[in-house]
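*Asks:* would you be able to build a 3D model of this:
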Amino acid sequence: MLFPITLSAQKEVRKNVRKGNKEYLQQKYADASELYGKALGENPASKEATFNQGNTLYRQKDWAASVEQYQHFLTLEQENPAVASEAWHNVGNTMLQQKDLQKSMEAYKMALRLNPEDDEARYNLAVVQKMLQDQEQEQQDQEQQEDQEQEQQQDPQGDSPQNPRDQEKRPEQQEGPEQMSRDNARQLLQAIEQDERDTQEKVQRMKAQEREERAQENRRRNKNW
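*Replies:* Below is the predicted model:
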């Protein structure tokens, strides 16, 4: 159960988040993570601290903990689909780093459901889907090769002298999907680095939203009934 936090605690949360943002921008990710952790200790429901902690853990390659923070953020963010879409996008990136293509694909799909204009998620989704197709094709080719080798062992005489040439060609044919998967993976990881979500932009947007919410609350309190 979450209890309302005091005004002094709110100030402490904002102070630690601001310090964490500063450390993050200086690429001092361990220090930033510690400050975000302090903010979350004061207020576990802080959206800004939760989201930024996920980014910080991602930068430190703590993929599992990063996903956990993004998923926690998604339980908190129920009002802004665009921001929730960014969290799902980052989940997709993190799952890809863990080589979990299926979960990465599902996360990018969620990002697009919430924000159909996210062209980066659409691109990443297409590449991951191609990687899954290549992976499936590679597995089918491997199974086919194993079946053929088993048949040849059972019938060592073969049908004709052409069999050895077929054997020589088969590995070359199988390199296509495997190579495509590696190229796609490299291409996608490079794209993720290039279009990595600008944390400072998110921070400023979320700050503006929180300031507007506080202003509205103050106006309601000051209104004569």
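
*Asks:* if you count neighbours, what's buried in stretch 120-129?
*Replies:* The neighbour-count check on stretch 120-129 (16 or more other Cβ atoms under 10 Å) flags 120-121, 124-125, 127-129 as buried. Yep, even glycine has a C-beta here, placed from its N, CA and C like the rest.

*Asks:* counting only helices, which of the residues you listed make the cut?
*Replies:* Members of these lying in helices (criterion: DSSP state H): 120-121, 124-125, 127-129.

*Asks:* worst-scoring helix or strand of the protein, pLDDT-wise?
*Replies:* Least confident helix or strand, the chain: helix 163-194 with a mean of 51, by mean pLDDT, DSSP states H and E.

*Asks:* from residue 38, how far out is residue 135?
*Replies:* Residue 135 sits 42 Å away from residue 38, going by Cβ to Cβ, to the nearest Å.

*Asks:* residues touching the nearest residue to residue 16 once chain neighbours are set aside, list them.
*Replies:* Closest residue in space to residue 16, ignoring its immediate chain neighbours: residue 39 at 4.0 Å, by Cβ to Cβ, 6 or more residues apart in numbering. Taking Cβ atoms under 8 Å, 6 or more residues apart in numbering as the criterion, residue 39 is in contact with 12-14, 16-17, 20, 46, 49.

*Asks:* sorry, back to before: want to throw the ones in helices among the buried residues of stretch 120-129 into a markdown table with distance to residue 69?
*Replies:* Shown next, in a markdown table, are these (distance: Cβ to Cβ, whole Å):
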| residue | distance to residue 69 |
| --- | --- |
| 120 | 20 |
| 121 | 19 |
| 124 | 20 |
| 125 | 22 |
| 127 | 25 |
| 128 | 22 |
| 129 | 26 |
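
*Asks:* around the nearest residue to residue 61 once chain neighbours are set aside, how many other residues sit close by?
*Replies:* Nearest non-adjacent residue to residue 61, counting by Cβ to Cβ, 6+ apart: residue 97, 7.4 Å away. Neighbourhood size, residue 97 [other Cβ atoms under 10 Å]: 16.

*Asks:* which of the contacts of residue 39 sits closest to residue 34?
*Replies:* Lowest distance from residue 34 to the contacts of residue 39 (Cβ to Cβ) belongs to residue 20, with 8.0 Å.
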